[in-house]
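Enquirer: When you get a sec, could you give me coordinates for this:
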Amino acid sequence: MTLMPRFPWPRLRWMPAAGVVLLLFTLVGCKSLPRVVPDQQRRPPPVKLEGTQGPLSAERSRAILERLRAEGQGTDVLSRHLALEEAVVGSPLTAGNQAVLLEDGAATYEAMLAAIAAAKDHIHLETYILDDDEVGQRFADALIAKRQQGVQVLLIHDSVGTLNTPVEFFQRLTDSGIQVLEFNPINPAQTRQKEWVLNERDHRKLLIVDGRVAFLGGINISGVYSSGSLASAVGSGPADSGDNTPWRDTHVQLRGPVVAEFQKLFLQTWAAQNGAPLAERAYYPTPERVGRDVVRAIGSSPQDAYSSIYATLLSAIQSAESTVYLTNAYFAPDPQLLAALSDAARRGVDVRLILPGKTDSWLVFHAGRHYYTQLLRAGVKIYERQGVILHTKTGSIDGVWSTIGSTNLDWRSFLHNYEINAVVLGGEFASQLQRLFDADLAASRQVTLEAWRRRGVGPRVKEFFARAWEYWL
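Expert: Residues are numbered from 1 along each chain as shown. A predicted model of the protein is given here:
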């Protein structure tokens, strides 16, 4: 992949100097992140759960939460955190779901294409990147085949993320009857909004089939994921042009009542982008209980007063009692997130971060490294994944609260992007995530405070320069 800074996007390779100047004038009106301070002394109200038939009884909700506490070995993250999450997120906590982790592109694409092949009513796909390569063509062929069978196919693709994808690629889809919607076109003449918005991008990766199965996470539709992270690779630092280092990423497949919440988020985006009126379809089939996972869908956008994903992650970290394990591709934290991680480590929580040892974005790579000293001094353990380009966005707290989605730990995800995550409660899914975390940990190099203090002048200069851009990274 060609190395590019992530201000305001990673794939804009051709911007001339005059364009940079124009961009800087465009990126004005800086937003700020909310102050999240849960009242740890106040007794939270009862958390309400929903099932296949709507809200569960108080007794049934308590029984499910008690099971989750037992799976988390007595952690209090549930009672101290879920009430705040309920208040800030706005989507229900649903029981009766099945969550299955998918590691890397190959496994994820096979599961997604199998679901597409089995579609009977509709296919809704929302993605940041959709490349015109072997993988992109496989998806195009699969979508066209289903449209020819009468299945409704809706596609939302981000204008910047698909900047290098030829117009002819999407025209082929449109000619087949697929409804294609370009998110916030970078050409002002094409915009469907009242105002031309250059900076707000759709970073979500979401596939919904027949309202019964949903896929989300960090994996775009691109051939860079084809090799998988098990392929051999060496090196560290920023990726070079033509680099064939494998990409390490994670997705999740969800079935059950929570799929309806992701469906709502997709259709809201379609409507907000002035997509064409939609024919009546079975968007919300009668939900069925398919597993034991308790899941909440969380979407965020720049139009919100604050990022729900940011608020709920901070609350979970602040409520953590034993462990905070985060794996993330782009780490450029704000002061409050830094404080939450540092405070958790100081009070005895085992805080571990797996971050890239090699990246496709040198600016965010070095901006994040600027904060290593502060975190290491507080007792946070930092590991850099070797041999891959890490693109995962996952987290697990106290072995019972887990999250996976498109959200990076940077200002861009929390303020400027449309993002989507799932929060999964329960030890079973947390165990799946822990196995992946342990595998990544085994392939990582630990960064110690002593060794970090000995780094040379070159890295320090890069960190200083990168920090100037971190709000837009």
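
Enquirer: Pick out the residue closest to the middle of this protein.
Expert: Ser406 (1.4 Å; Cα atoms, centre = their mean).

Enquirer: Just confirm that one contacts Leu216, I think it does.
Expert: Yes - in this structure, Ser406 is within contact of Leu216 by Cβ atoms under 8 Å, at 7.0 Å. Quick note: C-beta positions are derived from backbone N, CA and C, even for glycine.

Enquirer: Now for the two: what residues contact both?
Expert: The contact sets of Ser406 and Leu216 overlap at 204-205, 420-421 (Cβ atoms under 8 Å, 6 or more residues apart in numbering).

Enquirer: Asp133: which of those is nearest?
Expert: Ranked by distance to Asp133 (Cβ to Cβ), the shared contacts of Ser406 and Leu216 are led by Lys205 at 16.6 Å.

Enquirer: so that closest one makes contact with Gly217?
Expert: Yes - the criterion here is Cβ under 8 Å, and Lys205 meets it with Gly217 at 6.2 Å.

Enquirer: circling back to that earlier point, please render the shared contacts of Ser406 and Leu216 as CSV that adds neighbour count and secondary structure to the earlier fields.
Expert: Shown next, in CSV, are those (neighbours: other Cβ atoms under 10 Å; DSSP: H, G, I helix; E, B strand; the rest coil):
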residue, neighbour count, secondary structure
Arg204, 27, coil
Lys205, 26, coil
Ile420, 27, strand
Asn421, 27, strand
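
Enquirer: just to revisit the earlier point, list residues touching both of Lys205 and Gly217?
Expert: Joint contacts of Lys205 and Gly217 (Cβ under 8 Å, 6+ apart) are 251, 406.

Enquirer: Just give me the neighbour total for Glu428.
Expert: Applying other Cβ atoms under 10 Å, we find 14 residues neighbouring Glu428.

Enquirer: wait, I meant Thr448
Expert: Thr448: 12 neighbours (other Cβ under 10 Å).

Enquirer: Check Gly275 too.
Expert: So Gly275, with other Cβ under 10 Å, has 17 neighbours.

Enquirer: do Val100 as well
Expert: Neighbours of Val100 using other Cβ under 10 Å come to 15.

Enquirer: Bridged to it, which residues?
Expert: Using DSSP bridges, the bridge partners assigned to Val100 are Gln253.

Enquirer: Give me the residue ranges of the chain where confidence is low.
Expert: Applying pLDDT under 70 to the chain picks out residues 1-48, 56, 69, 72-81, 83-84, 86-88, 188-198, 227-243, 362, 460-473.

Enquirer: hmm, try it at 80
Expert: 1-90, 187-199, 227-244, 305-306, 359-366, 368, 456-473 (pLDDT under 80).

Enquirer: tell me the strands in the stretch 201-350 of the chain, going along the chain?
Expert: Counting by DSSP state E, counting those that start in this stretch, the stretch 201-350 of the chain has strands at residues 201-202, 206-209, 213-217, 237-238, 247-248, 250-255, 293-300, 323-328, 331-332, 350-356.

Enquirer: how far away is Gln273 from Leu163?
Expert: 17 Å (Cβ to Cβ, to the nearest Å).

Enquirer: and these two? which has more neighbours close in?
Expert: Counted by other Cβ under 10 Å, Gln273 and Leu163 do not tie: Gln273 has more neighbours, with 17 against 14.

Enquirer: Thought Pro185 was touching that one, still the case?
Expert: No - the pair Gln273 / Pro185 is not scored as a contact, 9.6 Å apart, by Cβ under 8 Å.

Enquirer: Send over stretch 307-317 as CSV, restricted to the C-alpha atoms.
Expert: Extracted C-alpha coordinates of stretch 307-317, given in CSV (Å, rounded to 0.1, in the frame of the first residue of the first chain):
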residue,chain,number,x,y,z
SER,A,307,-19.6,10.0,20.2
SER,A,308,-21.6,7.3,22.0
ILE,A,309,-18.8,4.9,21.3
TYR,A,310,-16.2,7.2,22.9
ALA,A,311,-18.4,7.7,26.0
THR,A,312,-19.2,4.1,26.5
LEU,A,313,-15.6,3.0,26.1
LEU,A,314,-14.4,5.6,28.6
SER,A,315,-17.1,4.5,31.1
ALA,A,316,-16.1,0.9,30.7
ILE,A,317,-12.4,1.7,31.3
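
Enquirer: Take the strands of the stretch 201-350 of the chain and write them to a markdown table, including mean neighbour count and distance to Leu102.
Expert: Output for the strands of the stretch 201-350 of the chain, formatted as a markdown table (neighbours: other Cβ atoms under 10 Å; distance: least, Cβ to Cβ, whole Å):
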| stretch | mean neighbour count | distance to Leu102 |
| --- | --- | --- |
| strand 201-202 | 25 | 21 |
| strand 206-209 | 25 | 11 |
| strand 213-217 | 25 | 7 |
| strand 237-238 | 17 | 27 |
| strand 247-248 | 28 | 13 |
| strand 250-255 | 24 | 4 |
| strand 293-300 | 27 | 15 |
| strand 323-328 | 24 | 15 |
| strand 331-332 | 28 | 23 |
| strand 350-356 | 23 | 18 |
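
Enquirer: and Val100, which of these is closest to it?
Expert: strand 250-255 (4.6 Å).

Enquirer: Which neighbouring elements make contact with the closest one?
Expert: strand 93-103, helix 104-117, strand 213-217, strand 401-405, strand 417-425 (3 or more Cβ pairs under 8 Å, 6 or more residues apart in numbering; DSSP states H and E).

Enquirer: Show residues contacting it.
Expert: Contacts to strand 250-255, defined as Cβ under 8 Å, 6+ apart, come from residues 97-104, 108, 111, 115, 205, 212-219, 262, 290-291, 295, 327, 392-394, 404, 422, 424, 436.
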